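S.K.: prediction below, plus the sequence it came from.
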Amino acid sequence: IVLVSRTEAKLMDVKSEIQGKYNGIEVQHVVCDYSNFDKAAQDKVQKSLEGLEIGILINNVGVSYRYPQFFHELTDDEVRALLT
């Protein structure tokens with residue numbers, strides 16, 4: 001699980017809660033404020049996801065795509081629209 005939020009304290013709380021409930025779950029977190037999702041922030045998130053197989057995106061930033069589908073099936077333009 002990769003958690004992304006602008007508030008590290010909240011990320012750490014959720015990470016601890018998940019790991020406490022579900023033994024053996026690997027949880028990573030990335031501090032990122034999507035209200036300022038500039039090139040540096042985009043690169044930071046992209047680097048944190050390198051090498052991971054992302055199968056499900058739960059987006060609570062306020063935007064989404066047209067209909068449910070696996071993240072890897074999205075076009076680059078659709079992903080960019082979610083993140084900018």
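M.R.: It's in.

S.K.: hmm, who's touching stretch 65-77?
M.R.: With contact meaning Cβ atoms under 8 Å, 6 or more residues apart in numbering, stretch 65-77 is reached by 53, 54, 55, 56, 57, 78, 79, 81, 82. Heads up, the C-betas are built off the backbone N, CA and C, glycines and all.

S.K.: now find how far off-centre stretch 77-84 is within its chain.
M.R.: The offset between the C-alpha centroid of stretch 77-84 and the centroid of the whole chain comes to 13 Å, using Cα atoms, centre = their mean, to the nearest Å.

S.K.: look through this protein and report the residue furthest from the middle.
M.R.: The outermost residue of the chain, judged against the average C-alpha position, is residue 23 (21.3 Å), by Cα atoms, centre = their mean.

S.K.: got the contact list for it?
M.R.: Contact analysis of residue 23 by Cβ under 8 Å, 6+ apart lists nothing.

S.K.: looking at this, it is in a helix?
M.R.: No. Remark: residue 23 does not belong to a helix; assigned using DSSP: H, G, I helix; E, B strand; the rest coil, it is coil.

S.K.: name the nearest residue to residue 5, sequence neighbours excluded.
M.R.: With sequence-adjacent residues excluded and distances taken as Cβ to Cβ, 6 or more residues apart in numbering, residue 5 is closest to residue 11, at 5.1 Å.
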